[in-house]
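Engineer: Kindly generate the corresponding structure for this input.
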Amino acid sequence: MARARPDGYTLVIAGMGPNITGPRFNPNIGYDPINDFTHIAMIAGDSTSFVIDPALGVKTLSEFVALAKGGTVNLTVGSSGVGTMGHLSLEMLRRKAGVMKSHSRSLSRRRPLAIDLLGHHLSAAFIATASGIEQVRSGAVLPLAVTAGERIAT
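Structural biologist: This is a model prediction of the structure:
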């Protein structure tokens, strides 16, 4: 799209990956997200939520961090992929809390993240709030934190 004629007939809708994290993870990405495009509108935005398997028996983020620091339980935490908002949120949580080693494997390459979480292959995950709200409402996952500026009603 960066090389399309600027004739007003070609539009691209892109998320955070191609515009923000992609060029940071790959400096030779082949385009400049600022100068190669004319940004005309932000049409959507979503927060991510940190959700856990209710079987862990914790109810708050501080309890989850304490469980992780205790080292008595093997916690597996996921995101939808490298460079996504969930991945970056997970890294920030990991660093601020001083837990959860940074080596990880991507389960989501084989199946969707929600399937891994609901199938108890993951202890916790950062998921898009809008796409995970039904799992929260049903009690299949327990939300502990959200990246939005304010609490989100379920």
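Engineer: neighbours of residue 56, just the number please.
Structural biologist: By other CB atoms under 10 Å, 16 other residues sit near residue 56. Heads up, the C-betas are built off the backbone N, CA and C, glycines and all.
Engineer: Please name the spatially closest residue to it (chain neighbours excluded).
Structural biologist: What sits nearest to residue 56 in space, not counting adjacent residues and going by CB to CB, 6 or more residues apart in numbering, is residue 123, at 6.1 Å.
Engineer: dump the residue contacts of that neighbour.
Structural biologist: Residue 123 sits next to 52-53, 56, 73, 75-77 when contact means CB atoms under 8 Å, 6 or more residues apart in numbering.
Engineer: Tell me how far it lies from residue 113.
Structural biologist: Separation of residue 123 from residue 113 (CB to CB, to the nearest Å): 13 Å.
Engineer: same check, this time on residue 149
Structural biologist: Residue 149 is 24 Å from residue 113, by CB to CB.
Engineer: if you count what's nearby, which of the two comes out ahead?
Structural biologist: More neighbours surround residue 113 than the other of residue 149 and residue 113, with 24 against 6 (other CB under 10 Å).
Engineer: give the contact list for the more buried one.
Structural biologist: With CB under 8 Å, 6+ apart, residue 113 has these contacts: 78-80, 86, 107, 122, 125, 127.
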